[in-house]
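Q: fold the following for me, if possible:
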Amino acid sequence: MKRNWKVGELAKQTGLTVRTLRFYDQIGLFSPSDKTESGHRLYDESDLSRLQQIISLKELGLSLEDVKLILKDEQISPLEIVRLQIARIKEQIKVQQQLLEQLHHLSKSMQGMAPLAVEDFTDLMQAIKKSHEKLVIERRTSWEHHLDVLGNFIAEEEKKSKSRED
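A: Below is the predicted model of the structure:
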């Protein structure tokens, strides 16, 4: 049996906002495969696959316009997108491992009361900077999500206010 999701259900399942999914539809990036008789968007499994590709490419740092072009021209296969994600995650693990090693080294030096070299601190700061850059990006994404939620709330309140006035 084929499974379909309405836009709200899909948003809840994926952690995206309804507003984001509607925007993706509006710009022609991600449209539902079907609609109900009343006009509600319906998404199926193939739509989920496309959405996964969109999110993966976005996480790799591509703009929505670039993602749209790549998927339209089928420049990268779904398998290649997954491989790119794997490579990105391996790089993140490597950066975190380097930070961990620097912290262990610094901790051992401090416990042994050994004098610390300037390089110990500069290496640590570089490792922290690399790690911090990823955190900043994740926080920005989180704030964007919160702003989307707030925007949806304000839009709903405006609709309610207008309907009360009528």
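Q: for the protein, which spans come out with low pLDDT?
A: Within the chain, the stretches with pLDDT under 70 are 1-2, 114, 131-132, 134-154, 166.
Q: ranges for the strands of it?
A: Remark: strands assigned in the chain by DSSP state E are 5-6, 34-35, 41-43.
Q: pick the most buried one from those.
A: Among the strands of the chain, strand 41-43 has the highest mean neighbour count (mean count of other CB atoms under 10 Å), at a mean of 20. Every C-beta, even on glycine, is put in place using the N, C-alpha and C of the backbone.
Q: which other helices and strands contact it?
A: Applying 3 or more CB pairs under 8 Å, 6 or more residues apart in numbering; DSSP states H and E, we find strand 41-43 packed against strand 5-6, helix 7-14, strand 34-35.
Q: do that again at 6 Å, thanks
A: If contacts are counted by 3 or more CB pairs under 6 Å, 6 or more residues apart in numbering; DSSP states H and E, strand 41-43 sits against no helix or strand.
Q: residue nearest the centroid of this structure?
A: Centroid-nearest residue in the chain: residue 59, 5.2 Å away (criterion: CA atoms, centre = their mean).
Q: quick one, what contacts that residue?
A: For residue 59, no contacting residues are found, by CB atoms under 6 Å, 6 or more residues apart in numbering.
Q: could I get the strands of the chain as JSON lines with distance to residue 19?
A: Below are the strands of the chain laid out as JSON lines (distance: least, CB to CB, whole Å):
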{"stretch": "strand 5-6", "distance to residue 19": "15"}
{"stretch": "strand 34-35", "distance to residue 19": "18"}
{"stretch": "strand 41-43", "distance to residue 19": "13"}
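Q: which stretches in this protein count as helices?
A: Using DSSP state H, the helices of the chain run over 7-14, 18-26, 45-59, 64-73, 78-111, 118-165.
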